[in-house]
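Visitor: Next come a sequence and a model predicted from it.
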Amino acid sequence: MLRGHSFVRTAGVFAGLCGVLAAAPAVAWGAGAQAAAAGSPWWVWVVGLFCLSFLLGVFSLLGGMGGGTLFVAIVGGFFPFHLDFVRGASLMVALTGALSAGPGLLRFGMGDLRLSLPAALMTSSGAIVGAMVGLELPVAVVQTALGVTILGVVILLVKSRRAEYPAVPAADALARRLGLQGTYLDRATGEEVAWRVHRTPLALLGFLAVGLMAGVFGIGGGWANTIILNLLMGAPLKVAVGTSKLIVALTDTSAVWIYLHRGAILPVVVAPSILGMMLGSWVGVGILVRIAPVRLRFFVVTLLLFAGVRSLLKGLAIWP
């Protein structure tokens, strides 16, 4: 127990330091706009991206998100990069964060491959189409629509009342045929939890729509995957969080190839973001097994609200 608290304290100190460093470019961007961005050395933005990505890796995992929603909203609103590069980097960030967290989630039984595969098939199909559509739209349209979408996500997160252990009277026929059920050890309580899901056909349609939006905006689908798995299908919250990460790992690969083919992957943006996200996701797994993820819900919602308003205002400012 003492070791666990020490781990959380160490991660908290490092996250706090990264928060201070990551805030510096954002403050400069908000205060001096283009002039501040032009006058800042390139390495300031690289360091800021690394620290920001580390924080997003921690908080997105605990909140059951892929990290892309927060990444696009904050980097697109406060960093001086073209939105196409931000969206491409966001998909890479969400993908690597999910891959980094995947082994730990599977080891602790909080991610289920059988549950993630049919969902990933639907989201991948939507993400490929969405990525092709998104790269053809004007930046002003995407930026404004992104702000509206993020604010919609905020409303959805506020109104949703996610349950740690939803009641599922009986699994539906499709879920039984696919074997979508299992057990996991909840290390916070020490109890073995059995789970099953229902409403599978409706959920698969929801995953298709999420994939389409993820491809257009480059935000991944973690923000909606958890909601669908937990509220609609009835998976326990920790299983929904873990499986959401696995779905992101299987889905974003499809959209990344589209952005890579169109030249929208910039190494100076992607490299520090990936490194920070991988480290943050690793720390997040260690924290997730000890605390309830709902404790960070208020923080995630507040951050999304702020970033969504910023994205919307920035999009309206560049509207022709």
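Guide: Nice, I can see it. Residues are numbered from 1 along each chain as shown.

Visitor: need the strands for the chain, in chain order.
Guide: Secondary structure of the chain (DSSP state E): strands located at 181-186, 191-196.

Visitor: mean pLDDT for the ones you listed: which is lowest?
Guide: Ranked by mean pLDDT, those end with strand 181-186 at the bottom, a mean of 80.

Visitor: List the buried residues of that one.
Guide: 181-182, 184, 186 (16 or more other C-beta atoms under 10 Å). (Each C-beta comes from the backbone N, C-alpha and C, glycine too.)

Visitor: just for the stretch 101-250 of the chain, where's the confidence low?
Guide: 101, 109, 157, 160-163, 188, 220, 222-223 (pLDDT under 70).

Visitor: so W282 touches P103, yeah?
Guide: No. Using C-beta atoms under 8 Å as the test, W282 is too far from P103 to be in contact (9.7 Å).

Visitor: got a pLDDT number for the residue nearest to V141 when sequence neighbours are not counted?
Guide: Among residues not flanking V141 along the chain, G315 sits closest, at 7.8 Å (C-beta to C-beta, 6 or more residues apart in numbering). Listed pLDDT for G315 reads 77.

Visitor: Burial check on G315, number of neighbours?
Guide: 22 (other C-beta atoms under 10 Å).

Visitor: if I look at I287, how far off is R187?
Guide: Using C-beta to C-beta, to the nearest Å, we find I287 at a distance of 12 Å from R187.

Visitor: again, but for L312
Guide: 40 Å.

Visitor: returning to what we had before: could you pull up the residues touching the residue nearest to V141?
Guide: By C-beta atoms under 8 Å, 6 or more residues apart in numbering, the contact set of G315 is 140-147.

Visitor: let's go with 10 Å and repeat that
Guide: 76-77, 83, 139-148 (C-beta atoms under 10 Å, 6 or more residues apart in numbering).

Visitor: Buried ones among those residues?
Guide: Buried among the contacts of G315 (16+ other C-beta under 10 Å): 76-77, 83, 140, 142-147.

Visitor: Next step: these restricted to helices.
Guide: 76-77, 83, 140, 142-147 (DSSP state H).

Visitor: G190: how many residues sit nearby?
Guide: G190 has 7 nearby residues by other C-beta under 10 Å.

Visitor: Next, it: phi, psi?
Guide: G190 adopts backbone torsions of phi 80, psi 10, taken as degrees, to the nearest 10.

Visitor: Please apply the same query to P169.
Guide: phi -60, psi -40.

Visitor: Check the one 10 residues further on too.
Guide: Summarising the backbone geometry of G179 under the convention degrees, to the nearest 10, its torsions are phi 70, psi 40.

Visitor: Roughly how far does it sit from L232?
Guide: With C-beta to C-beta as the criterion, G179 and L232 are 19 Å apart.

Visitor: now Q181
Guide: Q181 is 16 Å from L232, by C-beta to C-beta.

Visitor: swap in S125?
Guide: 19 Å.
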